[in-house]
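K.L.:
got a structure for you, letters missing:
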């Protein structure tokens with residue numbers, strides 16, 4: 001059997017090539033198959049040259065001047081994560097310019113926290129992609145323990161006056177602290193719910209109370225239009241035994257400390273200890289809007305890649321991300337409860353992120369009938385009401401989203417209350433470049449049975465923001481690569497609403513717009529004839545999504561200006577999903593990452 005060897009020589013550990021493991025009277029001995037590599041590594045440890053300080057290695061900029069060289073340095077181990085550990089120079093005053101800590105890439109060997117070590121390895125300026133921020137690392141080749149009980153490192157507290165710097169200055173400040181021990185003081189407020197990975201985001205006490213910050217009923221923070229990518233301090237626990245489930249508005253009652261890690265294009269503290277919290281209880285809300293004669297109620301429901309199938313790891317792109325069991329985890333039941341109870345059995349449900357019958361498996365399947373029928377059956381079990389469904393199947397692999405899922409928009413509708421006009425069903429943007437590899441809007445007209453009046457609903461899911469660069473990127477920081485695409489998509493939709501408005505027909509555009517109420521795409525979609533019902537809410541209520549602690553509205557309700565001016569439109573956001581946390585490392589029945597939106601349109 002072969003793997004990367006760990007060879008122990010006195011206090012020195014050498015990472016080597018092909019080995020086989022044998023038993024001896026004193027325990028395991030690693031017999032090295034590649035003696036040349038072993039000899040070279042021993043020589044490097046023995047002769048190694050000058051021991052560089054970590055500060056020298058980090059330099060004064062994003063890139064290390066020693067990249068590509070095999071170097072030797074020393075430091076105290078301050079924390080460990082899945083792919084390595086951090087070391088920091090002890091008993092040294094930080095100069096405020098460059099870091100005194102560094103990440104040691106070592107997937108196969110974890111050093112003991114608190115020990116002082118000497119490491120040898122190649123210095124790397126790691127880039128996730130061409131536009132990413134480089135991360136200076138040492139790829140470990142050997143490790144020598146100098147002192148098993150070391151100290152002399154005091155965490156630097158993250159203060160509001162520093163983390164509220166303009167984004168460019170903040171990037172420089174945090175880069176100068178990369179890998180170093182930092183802390184978050186007690187009194188901070190959790191502004192993102194716990195997720196399954198053990199991630200947390202807080203607003204410092206001064207940040208939370210500063211002038212101009214809009215907060216919500218549950219002490220969340222509304223995204224700032226002047227700085228929508230604002231960074232808030234966050235941390236990830238290195239082991240789930242340190243994690244806990246918590247909601248937005250919970251208070252941190254003990255200090256958090258750990259090395260400042262850079263991952264998923266942001267800075268985050270790696271925490272290896274328990275923490276105390278004053279929890280915040282958030283009740284599940286119910287809409288006040290109910291169906292009635294002469295009007296139609298429309299619920300908007302992002303189903304978060306819903307499918308009825310437990311994928312086979314052999315048939316998906318990424319088994320760690322693409323295998324799930326939405327039925328077994330209870331998500332169908334949670335979504336059905338949202339329709340039947342929280343939203344009072346709306347006349348129409350506009351669904352986004354519906355996947356085909358075999359989910360993320362890479363097959364020829366595009367039909368999603370089983371997904372719809374299982375959701376409809378679960379709603380019927382809870383309420384006695386049986387909905388019907390409609391969609392237009394996407395062409396295999398042409399609408400983006402999770403590979404294999406063939407994501408699409410669709411509708412459920414209550415046949416006791418509405419009639420579907422079959423001839424009205426169409427897809428927008430099929431031949432538009434802006435909708436290539438993107439979800440297409442689904443247009444459908446419904447007739448309310450009592451009044452026999454018609455409402456055209458356009459269900460949208462615009463291009464994702466995943467291509468937006470980080471504010472910490474040295475290349476085009478914060479630039480949204482899909483902004484123009486979403487604006488072009490909005491223009492296609494606006495042409496449709498303009499045509500309906502000229503005919504004097506009522507319409508409602510809803511779904512996941514992936515942009516805020518003041519964004520360029522939303523302005524393009526409104527044109528001269530439409531209004532956004534989001535603006536009928538107070539600014540404290542304008543949110544349905546939580547991105548790294550910043551509450552924002554991505555779902556909207558677009559109607560004609562005449563409908564709004566005549567008082568024929570009601571609008572609510574049913575908060576909960578974006579505020580309520582889940583138990584880390586436990587499968588969750590959380591139905592969606594968005595709140596639910598419901599409108600009542602009087603015809």
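P.N.:
All right, it came through fine. Keep in mind that what you see is a predicted model, and the values were worked out from it rather than measured.
K.L.:
what's the pLDDT at the nearest residue to residue 329 once chain neighbours are set aside?
P.N.:
Nearest residue to residue 329 in three dimensions, chain neighbours excluded: residue 587, at 4.7 Å (C-beta to C-beta, 6 or more residues apart in numbering). In short, each C-beta sits where N, CA and C put it, glycine included. Looking at residue 587, its pLDDT is 89.
K.L.:
Number of residues surrounding residue 587?
P.N.:
14 (other C-beta atoms under 10 Å).
K.L.:
quick one, what contacts it?
P.N.:
By C-beta atoms under 8 Å, 6 or more residues apart in numbering, the contact list for residue 587 reads 196, 325, 328, 329.
K.L.:
Okay, and it sits in which element?
P.N.:
For residue 587, there is no helix or strand it lies in under DSSP states H and E.
K.L.:
Check residue 68 too.
P.N.:
Residue 68 belongs to no helix or strand, assigned by DSSP H and E.
K.L.:
if I look at it, how far off is residue 262?
P.N.:
Residue 68 sits 20 Å away from residue 262, going by C-beta to C-beta, to the nearest Å.
K.L.:
of the two, who's got more company?
P.N.:
Per other C-beta under 10 Å, whichever of residue 68 and residue 262 has more neighbours is residue 262, with 22 against 10.
K.L.:
Quick check on the contacts of residue 587: which are buried?
P.N.:
196, 329 (16 or more other C-beta atoms under 10 Å).
K.L.:
Show me what the lengthiest helix in the chain is packed against.
P.N.:
Longest helix in the chain, counting residues (DSSP state H): helix 483-502. Contact here means 3 or more C-beta pairs under 8 Å, 6 or more residues apart in numbering; DSSP states H and E; on that basis helix 483-502 packs against strand 453-461, strand 507-512, helix 520-526, strand 530-532, strand 558-560.
K.L.:
so where's the stretch 401-550 of the chain uncertain?
P.N.:
The stretch 401-550 of the chain contains no residues with pLDDT under 70.
K.L.:
got it, and the chain?
P.N.:
By pLDDT under 70, the low-scoring segments of the chain are 1-49.
K.L.:
Run through the helices of it in chain order.
P.N.:
Going by DSSP H, the chain shows helices at 35-47, 54-58, 160-163, 167-175, 205-209, 319-322, 331-337, 369-383, 483-502, 520-526, 561-565.
K.L.:
Run a quick neighbour tally on residue 207.
P.N.:
By other C-beta under 10 Å, the residues close to residue 207 number 21.
K.L.:
doesn't residue 123 make contact with residue 68?
P.N.:
Yes. Counting by C-beta atoms under 8 Å, residue 68 sits close enough to residue 123 to count as a contact (6.9 Å).
K.L.:
Tell me, domain by domain, which residues of the chain belong where.
P.N.:
Domain assignment for the chain, taken from automatic domain parsing, gives 6-147, 156-278, 295-602.
K.L.:
Just put these in a markdown table and tack on distance to residue 284.
P.N.:
What follows is the domains of the chain, written out as a markdown table (distance: least, C-beta to C-beta, whole Å):
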| stretch | distance to residue 284 |
| --- | --- |
| domain 6-147 | 35 |
| domain 156-278 | 12 |
| domain 295-602 | 6 |
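K.L.:
With residue 288 as the reference, name the closest of those.
P.N.:
Evaluated over the domains of the chain, closeness to residue 288 peaks at domain 295-602, with 6.8 Å, by C-beta to C-beta.
K.L.:
And the helices of the chain: which comes nearest residue 82?
P.N.:
In terms of C-beta to C-beta, the element of these nearest to residue 82 is helix 319-322, at 12.1 Å.
K.L.:
Any chance you could list what contacts that closest one?
P.N.:
For helix 319-322, contacts defined as C-beta under 8 Å, 6+ apart pick out 311, 313, 316, 359, 360, 402, 403, 404.
K.L.:
same question, stretch 536-550
P.N.:
191-193, 201-203, 214-217, 220-224, 228, 230, 232, 234, 248, 266, 517, 534, 551-555, 564, 569, 571, 573, 575, 578-579, 593-597.
K.L.:
And stretch 211-225, by the same measure?
P.N.:
189, 191, 203, 207-208, 230, 232, 247-249, 280, 282, 516, 518, 539-543, 546-547, 549-552, 575, 579.
K.L.:
how does it look with 6 Å?
P.N.:
For stretch 211-225, the external contacting residues (C-beta atoms under 6 Å, 6 or more residues apart in numbering) are 189, 191, 203, 230, 248-249, 282, 518, 539-540, 550-552, 579.
K.L.:
Ok, stretch 248-259 next?
P.N.:
Under C-beta under 6 Å, 6+ apart, the answer for stretch 248-259 is 78-79, 86, 155, 179, 181, 183-184, 186, 188-191, 193, 218-220, 235, 269-271, 275-280, 579.
K.L.:
From one end of it to the other, what's the distance?
P.N.:
24 Å (C-alpha to C-alpha, to the nearest Å).
K.L.:
Pull out the buried residues from that stretch.
P.N.:
Within stretch 248-259, the residues that count as buried by 16+ other C-beta under 10 Å are 248, 249, 250, 251, 252, 255, 256, 257, 258, 259.
K.L.:
Among the contacts of stretch 248-259, name the ones in strands.
P.N.:
Counted as lying in strands by DSSP state E, out of the contacts of stretch 248-259, are 78-79, 86, 181, 183-184, 189-190, 235, 269-271, 277-278.
K.L.:
Pull up the gap between the closest residue to residue 560 other than its chain neighbours and residue 531, please.
P.N.:
Nearest residue to residue 560, sequence neighbours excluded (C-beta to C-beta, 6+ apart): residue 501, at 5.3 Å. Counting by C-beta to C-beta, the gap from residue 501 to residue 531 is 11 Å.
K.L.:
doesn't residue 303 make contact with residue 594?
P.N.:
No. Using C-beta atoms under 6 Å, residue 594 is not in contact with residue 303, being 9.5 Å away.
K.L.:
just to revisit the earlier point, residue 286: which of the domains of the chain is closest?
P.N.:
domain 295-602 (5.1 Å).
K.L.:
how far out from the middle of the chain is the closest one?
P.N.:
Centroid separation between domain 295-602 and its chain, computed with C-alpha atoms, centre = their mean, to the nearest Å, is 18 Å.
K.L.:
Now the buried members of the contacts of stretch 211-225.
P.N.:
189, 191, 203, 230, 248, 249, 282, 550, 551, 552, 579.
K.L.:
Pull out the buried residues from the longest helix of the chain.
P.N.:
For helix 483-502, by 16+ other C-beta under 10 Å, it's 483, 485-490, 492-494, 496-497, 500-501.
K.L.:
Over to stretch 580-595?
P.N.:
For stretch 580-595, burial by neighbour count (16+ other C-beta under 10 Å) applies to 580, 581, 582, 583, 584, 588, 590, 591, 592, 593, 594, 595.
K.L.:
Could you pull up the contacting residues of the fourth one?
P.N.:
In other words, residue 583. residue 245.
K.L.:
next one: phi and psi at it?
P.N.:
phi -80, psi 120 (degrees, to the nearest 10).
K.L.:
Could you report the separation of it from residue 74?
P.N.:
40 Å.
K.L.:
Ok, the fifth one next?
P.N.:
As defined by C-beta to C-beta, residue 584 lies at a distance of 34 Å from residue 74.
K.L.:
mind listing what residue 77 touches?
P.N.:
85, 87, 111, 113, 115.
K.L.:
Between the residues you listed, identify the one with the most neighbours.
P.N.:
In the contacts of residue 77, the most neighbours by other C-beta under 10 Å go to residue 87, 29 neighbours.
K.L.:
so who does the nearest residue to residue 194 once chain neighbours are set aside touch?
P.N.:
Ranked by C-beta to C-beta, 6+ apart and with sequence neighbours excluded, the top spatial neighbour of residue 194 is residue 581, at 3.5 Å. The contact partners of residue 581, taken as C-beta under 6 Å, 6+ apart, are 193, 194, 245, 246, 247.
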